[in-house]
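Asks: Have a look; sequence and predicted model below, questions after that.
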Amino acid sequence: MRDRSLPVLGLALLALGLFAPGCFDGDKYRDKLYLQGQYSCDTEADCIDEYVCDPQSKKCVPPSNPEDCNSIYYTANGLNLTVHFKEGDSDSVSISRTGLPAQGQFTTEPGAYSVTRRGKEVPIQAVVENASRLVKVKFGSCAFRCVGQSVLAGCVDEDCDGFGPQGCVGLDPDDTDPKVFPGAPEVCDGKDNDGDGQIDAADDGYRATSCPLQVGVCAGAVQQCVAGVLQMCDYGPDYVAIETDQYCDQKDNDCNGQTDERCACRDGETNPCGTVVGECEQGVQRCVSGHWDPVCEGSIEPRDEVCDCLDNDCDGTPDELPDNENGYVCGATCPDCNAIPIIATLGGAPATICVDRHEASRRSPDNPNDLFPANVPGALPWTNVSFAQAQSACQLVNKVLCPIEVWKAACVSRDNFVTYPYGSDYRAGVCNGNNEAAGPQATASFPECISQWDPRGGGPAEIGRLFDMSGNVREWVAPPDGSPGDRYTMGGSYLSPPERLTCSTLEDQGNGTGAADIGFRCCSRR
């Protein structure tokens, strides 16, 4: 309640005799103390009639003049805000910022700027209201007012959107909501934002709110507006938060800019499958629903080995037994597929001899110390080799030089042509003889110069062929029984005339020295 008693200080001064009895004006002194703000208060009841209790300072202060707020106006120039005072007051203050803060934040904290107004410092506050750079300004205890470059002088704009009931750029259908004004974007809030009578999505000017994800199956997704409330984003039935390999549909289901990134392949793609080793052939594997189909279309898969000199199981070795067994599926019948079994009479009795299909070549042509012979196609025959060297080379691979009887029987082929490997009459150019070439040619270079025999195990005819038994190089043969010192060659060479290219041509080579047109071929018993 209001305290009308004499202040303690006044009583003390009276006791000291500083004031004559009856001359002290207690009310006047008390009023002066109130004017100087010396007394605190909790409510207006604690202050004298013409004073009010300032809720911030908790002191009794004179009441503000209602006319003061109406005498203030504001101007803005870019980022500079100026507060002006009318009625002859020259006071003004400018607030300058190098950049406007985000909407809803203070450009000046309370008390950061102030102006002396009729002997009192009054704080000024300003706050950015919206993206149009309209600013709400508060002077002292006056209400916030809007100011900005888009606001006309004298505009009364309660919601600070640039529109108002009078003096503004246009009438505001609702001056209490800054989102409602003529031409405002229609948003989902249950209000007619632009004042044309249409609300939310029913308005042609409605701006749908795009969902955060906008790639893949999420492209174009917007939040639906229901009763003024934006709904959760619905990206459709193809959307998944985590795209696993179950979604291999050539779509970006998780909307991260990548399509089927966890899938092994894309539908329609093909991939070669299988192997080309041996008798196997590759096929085509197709991508089905993002995964490679296990079926390899058109391929020839490995099969069990049979005795045909072919790599049926496609492991790089023909005719071998399974891994848990030793040897070859052909048993003892010429296990080397580059040898052909020939039945010939030796010592008055028939014998099966394995004859190499090719004239011997150097296993390592660039290494003169490697004395092992090779039995392969496409290699130059080993020439300038003596009888003794040829015999030693065959022995290194557990073979011997072919006996004369065996060599002749092999040359005439299964059809027993007697004269040439290919028939009874000479045919120029079939074999490398009669100077058909300037020198020895690689083994099997003349594909028709063959002695044809039945292929073993039902294999292709190619594996039953002996090459170059006529021409190319003369071949050392083992001497007949009873004449171990004799040295003979058979078959003629590229230098021989037609009559010396027959299967029965036997030439005595004297002491067995080598020559540029003499080579050899190895044989072995089965």
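Replies: Received the coordinates, thanks.
Asks: Nearest the geometric middle of the protein, what residue?
Replies: For the chain, residue 261 is the residue whose C-alpha lies nearest the centre (Cα atoms, centre = their mean; 7.5 Å).
Asks: That residue reaches residue 244, doesn't it?
Replies: No: assessed by Cβ atoms under 8 Å, residue 261 is found out of contact with residue 244, at 10.4 Å. Every C-beta, even on glycine, is put in place using the N, C-alpha and C of the backbone.
Asks: Now do the contacts for residue 209.
Replies: 187, 188, 222, 223, 225, 230 (Cβ atoms under 8 Å, 6 or more residues apart in numbering).
Asks: Closest one of the residues you listed to residue 369?
Replies: residue 222 (84.3 Å; Cβ to Cβ).
Asks: How confident was the prediction at that closest one?
Replies: In this model, residue 222 is scored at 92, pLDDT.
Asks: now do residue 66
Replies: 46.
Asks: same thing with residue 314?
Replies: Value for residue 314, per-residue pLDDT: 92.
Asks: pLDDT weak spots in the stretch 201-350 of the chain?
Replies: 323-328, 331-333, 335 (pLDDT under 70).
Asks: contacting residues around stretch 248-266?
Replies: 213-218, 235, 238-245, 247, 267, 271, 287, 289-292.
Asks: Give me the buried subset of those residues.
Replies: 213, 216, 217, 218, 235, 239, 243, 247, 287, 290, 292 (16 or more other Cβ atoms under 10 Å).
Asks: Sitting in strands, which of the residues you listed do you find?
Replies: The members of the buried ones among the contacts of stretch 248-266 that map onto strands under DSSP state E are 287, 292.
Asks: Tell me the one among the buried ones among the contacts of stretch 248-266 nearest to residue 499.
Replies: residue 292 (64.5 Å).
Asks: which residues touch that closest one?
Replies: Per Cβ under 8 Å, 6+ apart, neighbours of residue 292: 264, 265, 271, 285, 286.
Asks: Please apply the same query to residue 240.
Replies: With Cβ under 8 Å, 6+ apart, residue 240 has these contacts: 247, 253, 254.
Asks: Serialize these to CSV and add fields for distance to residue 456.
Replies: Output for the contacts of residue 240, formatted as CSV (distance: Cβ to Cβ, whole Å):
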residue, distance to residue 456
247, 56
253, 60
254, 62
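Asks: Quick check: of those, which lies closest to residue 362?
Replies: Checking those one by one against residue 362 (Cβ to Cβ), the nearest turns out to be residue 247, at 61.9 Å.
Asks: Without its sequence neighbours, what residue ends up closest to the closest one?
Replies: Distance criterion Cβ to Cβ, 6 or more residues apart in numbering; nearest residue to residue 247, sequence neighbours excluded, is residue 253 at 4.6 Å.
Asks: and the gap between the one you found and residue 179?
Replies: Remark: distance between residue 253 and residue 179 (Cβ to Cβ, to the nearest Å) = 36 Å.
Asks: So those two - more neighbours on which side?
Replies: residue 253 (25 against 16; other Cβ atoms under 10 Å).
Asks: that's a strand at that one, yeah?
Replies: No: assignment of residue 253 by DSSP: H, G, I helix; E, B strand; the rest coil gives coil, placing it outside any strand.
Asks: how deep is the residue nearest to residue 195 when sequence neighbours are not counted tucked in, by neighbour count?
Replies: Excluding the flanking residues, the one nearest residue 195 by Cβ to Cβ, 6+ apart is residue 173, at 3.8 Å. Counted with other Cβ under 10 Å, the neighbours of residue 173 add up to 18.
Asks: Since that was my last question, I'll sign off now.
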